[in-house]
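> This is a predicted model, with the sequence first.
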Number of protein chains: 2
Amino acid sequence: MVELLSATERQDALQNLPGWSEISDRAAIGRSFVFKDFSEAFGFMTRVALAAEKADHHPDWRNVYKTVDVVLTTHDAGGVTARDIALAKAIDAIARPFRAA
Amino acid sequence: MVELLSATERQDALQNLPGWSEISDRAAIGRSFVFKDFSEAFGFMTRVALAAEKADHHPDWRNVYKTVDVVLTTHDAGGVTARDIALAKAIDAIARPFRAA
């Protein structure tokens, strides 16, 4: 089982994840993404879905038209672990080309 | 602009949409779907995304692993319209083969 990050480790990790913040009442981290339209938002979601499935670690996420709110936590561990940080980085990398367009 | 359904029209429509219910504080209708796993849930979402884009009417939805919570409302009209009922029917049709498996 993957271990919970300490508060310091979490803060350090978030320093390198601009846009992500702690959702303290859910022991999670989250970020909102805004795209051009639904097609772009769902294109992003599709790539994230493939990455999540491959990592066997899945987001809690909500989509309304061009916005996607992503929340990451490791249920088995009851909070934020290295798996969430890794998925956050992968999600940012997927978002980057969309947002650069 | 598409017109809001009356309370009676809404109730009549929901009679034919088992599993869907009114979300009164959001002037919307909603349904939760539970699939076998994430792959099945996201497969469903992908087909719904295509149907939504084609209809130019999009859900407000949340996915956590194998569950998908769908909320439908017509923002321009400020509540539930025939467009939501049509999309709810399309979503049910997409869910059916998944859930029959």
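Everything's here; your move.
> Point out the residues in chain A that sit beside chain B.
Contact residues, chain A versus chain B (Cβ under 8 Å from any Cβ of the partner chain): A:38-39, A:42, A:45-46, A:49, A:52-53, A:58-65. Any C-beta I mention is one placed from the backbone N, CA and C, and that applies to glycine too.
> Can you list the low-confidence ranges for chain A?
Within chain A, the stretches with pLDDT under 70 are A:99-101.
> mind listing the strands for it?
A:21-23, A:28-34, A:60-64, A:67-72 (DSSP state E).
> Pipe those strands into TSV and attach mean neighbour count per row.
What follows is these, written out as TSV (neighbours: other Cβ atoms under 10 Å in any protein chain shown):
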stretch	mean neighbour count
strand A:21-23	15
strand A:28-34	19
strand A:60-64	20
strand A:67-72	20
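> Identify the farthest-apart pair in the residues of chain A next to chain B.
A:53 and A:65 (24.2 Å; Cβ to Cβ).
> where do the helices sit along chain A?
Using DSSP state H, the helices of chain A run over A:7-15, A:38-55, A:82-100.
> show me the contacts for the residue nearest to residue A:77 when sequence neighbours are not counted.
In this structure, residue A:77 finds its nearest non-sequential neighbour in residue A:4, 5.1 Å apart by Cβ to Cβ, 6 or more residues apart in numbering or on different chains. Residue A:4 makes contact with A:74, A:77, A:78, A:79, A:80, A:81 under the criterion Cβ atoms under 8 Å, 6 or more residues apart in numbering or on different chains.
> Cool, thanks, signing off.
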